[in-house]
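Q: Give the three-dimensional model of this entry:
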Amino acid sequence: MTSVEPSQGAETRAPARDELEDLEVQLLLEAVFRRYGFDFREYAPASLRRRLWRRVHAEGVQTIAGLTERLLHDSASMERLLLDLSINVTAMFRDPTFYIAFRAQVVPLLRTYPFTRIWVAGCSTGEEVYSLAILLREEELYDRARIYATDINESVLERAKAGVFPLGKMKEYTQNYIRGGGTRAFSEYYVAAYDGAQFQRSLIENVVFAQHNLVSDRSFNEFQVIVCRNVMIYFDRSLQNRVHRLFYESLAHFGVLGLGDKETINFSPFEDCFEELDPNEKLFRKIA
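A: Below you'll find the predicted structure:
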């Protein structure tokens, strides 16, 4: 009787498992797109797979195929998955040097406009929106500006509208604010209550919150500034290029694009349409 060496069997099973998992992921993403209209089919595979397995375990199912069945029949589970797939890592005045550069490089340009439209794409729970609102107020530009804050996820948009952040984060946010060039006492902008910090409602008087999907939705206005930081790192190259096209089409001539520290306009089809305002802080100005 012949026998198969264990290593040979393992080698044939492992690729089969990988192929089956790839198929399960593809079917899940197609099901989500057809059932709910959210398109994650061009997200970076490794990050996507990790987040799907996290949801598999949290939902108490055994496989990605099991998660697909749950999603198709339970919209609440889709909301939970959307929270996992939406990248909600954020902080007020995160990467303070970005705000130093924004004050130095972008604010003087904004002073030349009678009115400014700013799009914060992928705004998550709103920390960046409030940060920009504070900056614009201190630079005396807020009253002639409108900020459009969009995200794919309605749940995080509701949290952004509420403007309540953990009180335990205020020490970190205060340090970020000071290092980001803040000119007042950060505590002037919020009221502490229980374990939360409620930010002034006047900071969002000129903010429009709206659901928008960078993957599938089109441009909806012309902007002098677009800020989309650390969102596209989760997209594959073709999807990144589609989003770059969306931003290019949405920016006014000489408009400014602010990206995350691991992102760039370089190597995209629109590289030659921008000049670097600050290469270290990933601020680019549209010139063509």
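Q: Give me the phi and psi for residue 271.
A: Reported as degrees, to the nearest 10, the phi and psi values for residue 271 are phi -50, psi -40.
Q: What residues of stretch 43-56 count as buried?
A: Within stretch 43-56, the residues scored as buried using 16 or more other C-beta atoms under 10 Å are 43, 48, 51-52, 55-56. C-beta here means a position set from N, CA and C on the backbone, and glycine is covered the same way.
Q: Let me fix that, I meant to ask about stretch 192-204.
A: Judged by neighbour count using 16+ other C-beta under 10 Å, the buried positions of stretch 192-204 are 196-197, 199-200, 203-204.
Q: Tell me the one of the buried residues of stretch 43-56 nearest residue 150?
A: Ranked by distance to residue 150 (C-beta to C-beta), those are led by residue 43 at 17.8 Å.
Q: Test for you: state the pLDDT assigned to the closest one.
A: If you check residue 43, the pLDDT there is 84.
Q: Residue 18 now?
A: 83.
Q: count of neighbours near it?
A: 10 (other C-beta atoms under 10 Å).
Q: And residue 167, by the same measure?
A: Residue 167 has 15 nearby residues by other C-beta under 10 Å.
Q: Please pull out the lowest mean pLDDT helix or strand from the protein.
A: helix 6-36 (a mean of 77; mean pLDDT, DSSP states H and E).
Q: In helices, which of the buried residues of stretch 43-56 appear?
A: Taking DSSP state H, the ones among the buried residues of stretch 43-56 that sit in helices are 48, 51-52, 55-56.
Q: List just the nearest of those residues to residue 120.
A: Residue 120 lies nearest to residue 51 out of those, by C-beta to C-beta, at 22.8 Å.
Q: dump the residue contacts of that closest one.
A: With contact set as C-beta atoms under 8 Å, 6 or more residues apart in numbering, residue 51 has these partners: 84-85.
Q: per-residue pLDDT, it?
A: At residue 51, pLDDT is 91.
Q: show me where this protein has helices.
A: Remark: helices assigned in the chain by DSSP H are 6-36, 45-59, 64-73, 75-85, 96-101, 107-110, 127-138, 154-162, 170-179, 237-250.
Q: can those helices go into CSV with extra columns for distance to residue 270?
A: Below are these laid out as CSV (distance: least, C-beta to C-beta, whole Å):
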stretch, distance to residue 270
helix 6-36, 26
helix 45-59, 24
helix 64-73, 35
helix 75-85, 26
helix 96-101, 21
helix 107-110, 19
helix 127-138, 23
helix 154-162, 28
helix 170-179, 31
helix 237-250, 5
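Q: just these: most buried one?
A: Neighbour counts (mean count of other C-beta atoms under 10 Å) averaged over each of the helices of the chain peak at helix 127-138, with a mean of 24.
Q: ok, residue 252 touching residue 287?
A: No: at 11.7 Å, residue 252 does not count as touching residue 287 under the criterion of C-beta atoms under 8 Å.
Q: Check the burial of residue 288 by counting its neighbours.
A: Neighbour tally, residue 288, other C-beta under 10 Å: 9.
Q: ok, longest strand in the chain?
A: Criterion DSSP state E: the longest strand present in the chain is strand 251-259.
Q: Find out how far that strand is from the centre of the chain, if you would.
A: Chain-centre distance of strand 251-259: 17 Å, with C-alpha atoms, centre = their mean, to the nearest Å.
Q: List the buried residues of it.
A: So strand 251-259, judged by 16+ other C-beta under 10 Å, has buried residues 251-252, 255-259.
Q: Dump it to PDB, restricted to CA.
A: Output in PDB follows, covering the C-alpha atoms of strand 251-259 (Å, rounded to 0.1, in the frame of the first residue of the first chain):
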ATOM      1  CA  LEU A 251     -11.000  70.800  -6.500                       C
ATOM      2  CA  ALA A 252     -11.100  74.300  -7.900                       C
ATOM      3  CA  HIS A 253      -8.000  75.500  -9.800                       C
ATOM      4  CA  PHE A 254      -5.200  76.100  -7.200                       C
ATOM      5  CA  GLY A 255      -7.300  74.200  -4.700                       C
ATOM      6  CA  VAL A 256      -5.400  72.200  -2.000                       C
ATOM      7  CA  LEU A 257      -5.500  68.500  -1.300                       C
ATOM      8  CA  GLY A 258      -4.300  67.200   2.100                       C
ATOM      9  CA  LEU A 259      -3.500  63.500   2.500                       C
END
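Q: hmm, back to that, just give me the closest of the buried residues of strand 251-259 to residue 65.
A: Taking C-beta to C-beta as the measure, residue 259 is the one of the buried residues of strand 251-259 closest to residue 65, at 36.4 Å.
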